[in-house]
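Undergrad: whatever this is, show me its structure:
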Amino acid sequence: MQRRRFLLDSATLLTAATAPQLALGADATPVSSPQTPALRFLGSPEPFDYARLKGLARQMAQAAYQPPTRKLPSAVSRLDWDQWQSITFRKTHSLWAGEDLPFVARFFHLGFTMLKPVRIYSVQEGMAHELAYDPALFDYGRSGLKPGDLPADLGFAGFNLFFHTDWNRDRAAFQGASYFRAVDGGRQYGMSQRGLAVDTGMPAPEEFPDFVAYYLERPTRKSNVVTLYGLLDSPSVSGAYRFVITVGDTLLMDIDAAVYPRKTIERMGIAPGTSMFFYGKTDRSRGDDWRPEVHDSDGLQLWTGAGEWIWRPLNNPRELRVNTFSDEQPRGFGLMQRERDFQQYQDDQVWYEKRPDVWVEPRNNWGKGTVMLVEIPTRDETLDNIVAFWNPADKPQRGQELLYSYRLYWTREKRGPDIGRVLATRTGIGGIIGQKRHQFSWRFVVDFTGGQLDALGERPNLQAAVTASRGRIETVSARPLLGTPAWRAMFDLVPPDDSTEPINLRLFLSLDGQALTETWLYQYEPPTAEQRKHWITG
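TA: Below you'll find the model as predicted:
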């Protein structure tokens, strides 16, 4: 997989995706909107509901995929970040503006990496009406674009949602055709979600199907809930999505997805989340700037169908790495940010400690499959190099209807029961300080806190249960961190040979044979034989 190439291509693509001929509002005759006069509609409204959208997606999947045929104007496709950022939507033209509603929607202009137009519809009383692009909706700032030179059918790059408690800072953004993001009460964006992932982490090119159309349903007064719909399309699959968004300190998205494969799909990713892990406590060699840590998420958390809670710290590996966690009827998983102290990042521009977690909670039976974690090498913190998703055991087949229902929690609140949780993971050279090292070993230091650990005191019979897929475990210990409610587990790993193949580690704390903590999993990449000589002193 070439994620760098994928992202590079998305930033330099000159063709724009066009939606297939939709049955909803396909006529291109502008019509004025009585509610928001600055917005124009295309054609006449058409009946709309989720069942119709699913029928449209099924119909599309029965036909061959229609690749993009249009090109964006070169002046738009060449916009750099600063030019594109200077284009702002005129707030007075917002959808639902002036209607005394708790939400408004505003639209993104195409440009920079946002080069795939999406069709946007307003839904009211069971009727969908397509919104028309109009240069008058935007202030073009320092972009260099001349509104009169832009085509009338240019289209939008997406939209963002605003809530009545703050009309200046958005709560969610659906942008760039394939991804969407949201914020919790901290109002800080972080990782992204996608509608679907196809063949991610495989030798074949990966595919993130695009949302080619969105349908925004008029919200009711005095409500913190808004509903929207998305039509998905790609060479491999089409789909219909319903998003019920509830705004709060934790923002909730209840998602229903109906997926229709065009062909057999080798690896399909349900509820894919994409994030960034550059470096942290486990491997500081990846970062060469002044900040202690740089990441949007620092671990994958899982709640298995059997009830086990697992924490897997993230890595920035030397090579592409794919881990699978087999399960049946998973209860939840998500990419999480547990490091919540500014001192751990020292970055007062992007505020990594405020980045929200995204927890995925299935709401129907997902059956057998695997949670997959894809870690991609990166030397740039601006690229998402972490992907996590659910992959069903049975490969999707052409002609099937696959129904998935799940809830996304955009939050900084802890997920899980009151058990010991991994607080931090640190690694470094093993051995005994002050004594010569006659062999190479690597030390792991894992801090746990919470649950019964807080009240244990100095219990000598708390044990660290450690296993490794290869190699020898030495100097295992577990002890309280004096002055804190945390406990620290330590051990050294001695690789069995000179191989650099990853070694899987597993650890939890137990008392009298009963587990008191979640399970810590880690995948360690040993250094080369030549590199190990640096640490051997005798």
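Undergrad: isn't His129 right up against Leu95?
TA: No - with contact defined as CB atoms under 8 Å, His129 does not count as touching Leu95 (10.9 Å). Where C-beta positions appear, they are placed from N, C-alpha and C, glycine not excepted.
Undergrad: which residues are in contact with both of the two?
TA: Taking CB atoms under 8 Å, 6 or more residues apart in numbering as the criterion, His129 and Leu95 both touch Ser122.
Undergrad: pLDDT weak spots in the chain?
TA: Counting by pLDDT under 70, the chain has low-confidence residues at 1-37, 284-287, 458-459.
Undergrad: domains of it?
TA: Per the record's domain assignment (automatic domain parsing), the chain is made up of the domains 3-275+393-411, 421-532.
Undergrad: so how far is the shortest one off the chain centroid?
TA: Just to be clear, that refers to domain 421-532. A distance of 29 Å separates the C-alpha centroid of domain 421-532 from that of its chain, computed with CA atoms, centre = their mean, to the nearest Å.
Undergrad: cool, and the first one?
TA: Using CA atoms, centre = their mean, the mean C-alpha position of domain 3-275+393-411 is found 16 Å from that of the whole chain.
Undergrad: who touches the closest residue to Gln329 other than its chain neighbours in this structure?
TA: Spatial nearest neighbour of Gln329, chain neighbours left out: Gly305 (4.1 Å); criterion: CB to CB, 6 or more residues apart in numbering. Contact partners of Gly305, counting by CB under 8 Å, 6+ apart, are Asp327, Glu328, Gln329, Pro330, Arg331.
Undergrad: give the contact list for the last one.
TA: Yep, that's Arg331 we're talking about. Listed by CB under 8 Å, 6+ apart, the contact partners of Arg331 are Trp303, Thr304, Gly305, Gly307, Glu361, Pro362.
Undergrad: what sits against the fifth one?
TA: Taking CB under 8 Å, 6+ apart as the definition of contact, the neighbours of Glu361 are Arg331, Gly332, Tyr406, Arg407, Leu408, Tyr409.
Undergrad: now do 10 Å
TA: Listed by CB atoms under 10 Å, 6 or more residues apart in numbering, the contact set of Glu361 reads 252, 254, 271, 303, 330-334, 405-409, 415.
Undergrad: now the element after the helix or strand that contains Tyr214, going C-ward?
TA: Using DSSP states H and E, Tyr214 falls within strand 210-217. Past strand 210-217, further along toward the C-terminus, the next helix or strand under DSSP H and E is strand 225-233.
Undergrad: quick one: list the elements packing against that next one.
TA: Secondary-structure packing of strand 225-233 (3 or more CB pairs under 10 Å, 6 or more residues apart in numbering; DSSP states H and E): helix 50-61, strand 103-108, strand 119-124, strand 158-163, strand 172-175, strand 210-217, strand 237-246, strand 251-261.
Undergrad: touching, Tyr260 and Glu401? I think so.
TA: Yes - at 6.1 Å, Tyr260 counts as touching Glu401 under the criterion of CB atoms under 10 Å.
Undergrad: could the helices and strands packed on strand 225-233 go into a markdown table alongside distance to Ala204?
TA: Formatted as a markdown table, the entries for those read as follows, by distance: least, CB to CB, whole Å:
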| stretch | distance to Ala204 |
| --- | --- |
| helix 50-61 | 20 |
| strand 103-108 | 31 |
| strand 119-124 | 29 |
| strand 158-163 | 27 |
| strand 172-175 | 26 |
| strand 210-217 | 18 |
| strand 237-246 | 15 |
| strand 251-261 | 15 |
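Undergrad: export these to JSON lines and tack on distance to Asp283 and mean neighbour count?
TA: Compiled in JSON lines, these are given as follows (distance: least, CB to CB, whole Å; neighbours: other CB atoms under 10 Å):
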{"stretch": "helix 50-61", "distance to Asp283": "43", "mean neighbour count": "18"}
{"stretch": "strand 103-108", "distance to Asp283": "36", "mean neighbour count": "22"}
{"stretch": "strand 119-124", "distance to Asp283": "43", "mean neighbour count": "21"}
{"stretch": "strand 158-163", "distance to Asp283": "35", "mean neighbour count": "22"}
{"stretch": "strand 172-175", "distance to Asp283": "31", "mean neighbour count": "23"}
{"stretch": "strand 210-217", "distance to Asp283": "34", "mean neighbour count": "24"}
{"stretch": "strand 237-246", "distance to Asp283": "36", "mean neighbour count": "22"}
{"stretch": "strand 251-261", "distance to Asp283": "32", "mean neighbour count": "21"}
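Undergrad: which one of the ones you listed lies closest to Asn316?
TA: Closest to Asn316 of the helices and strands packed on strand 225-233 is strand 172-175 (CB to CB; 25.6 Å).
Undergrad: elements contacting that closest one?
TA: Taking 3+ CB pairs under 10 Å, 6+ apart as contact, the helices and strands that strand 172-175 lies on are strand 103-108, strand 158-163, strand 179-182, strand 210-217, strand 225-233, strand 237-246.
Undergrad: run the last query once more with 7 Å
TA: Strand 172-175 makes packing contacts with strand 158-163, strand 179-182 when contacts are defined by 3 or more CB pairs under 7 Å, 6 or more residues apart in numbering; DSSP states H and E.
Undergrad: turn these into JSON lines, columns for distance to Ala105.
TA: Rendered in JSON lines, the data for the helices and strands packed on strand 172-175 read as follows (distance: least, CB to CB, whole Å):
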{"stretch": "strand 158-163", "distance to Ala105": "5"}
{"stretch": "strand 179-182", "distance to Ala105": "13"}
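Undergrad: just so I know, which of those strands lies nearest Phe278?
TA: strand 179-182 (18.7 Å).
Undergrad: what lines up beside the helix or strand just after the closest one in the sheet?
TA: The element immediately downstream of strand 179-182 (helix or strand, assigned by DSSP H and E) is strand 192-194. Strand partners for strand 192-194, identified by DSSP bridges, are recorded as strand 179-182 (antiparallel), strand 268-275 (antiparallel).
Undergrad: contacting residues around the last one?
TA: Looking back up the chat, that one is strand 268-275. For strand 268-275, the external contacting residues (CB atoms under 7 Å, 6 or more residues apart in numbering) are 191-194, 196-198, 200, 296-297, 334-335, 358, 360, 372, 384, 386-392, 396, 404, 406.
Undergrad: OK, contacts around Pro235?
TA: When the contact criterion is CB under 7 Å, 6+ apart, the partners of Pro235 are Tyr65, Glu207.
Undergrad: which of the helices or strands spans it?
TA: Pro235 is part of no helix or strand, with elements assigned from DSSP H and E.
Undergrad: how about it, phi and psi?
TA: With angles defined as degrees, to the nearest 10, Pro235 sits at phi -60, psi -30.
Undergrad: where's it relative to Gly201, distance?
TA: Separation of Pro235 from Gly201 (CB to CB, to the nearest Å) stands at 18 Å.
Undergrad: and what of Phe156?
TA: Summarising the geometry, the distance separating Phe156 from Gly201, computed by CB to CB, is 31 Å.
Undergrad: same check on Pro495?
TA: For Pro495, the distance to Gly201 under the criterion CB to CB works out to 25 Å.
Undergrad: and what of Gln124?
TA: In this structure, Gln124 lies at 42 Å from Gly201, with CB to CB as the measure.
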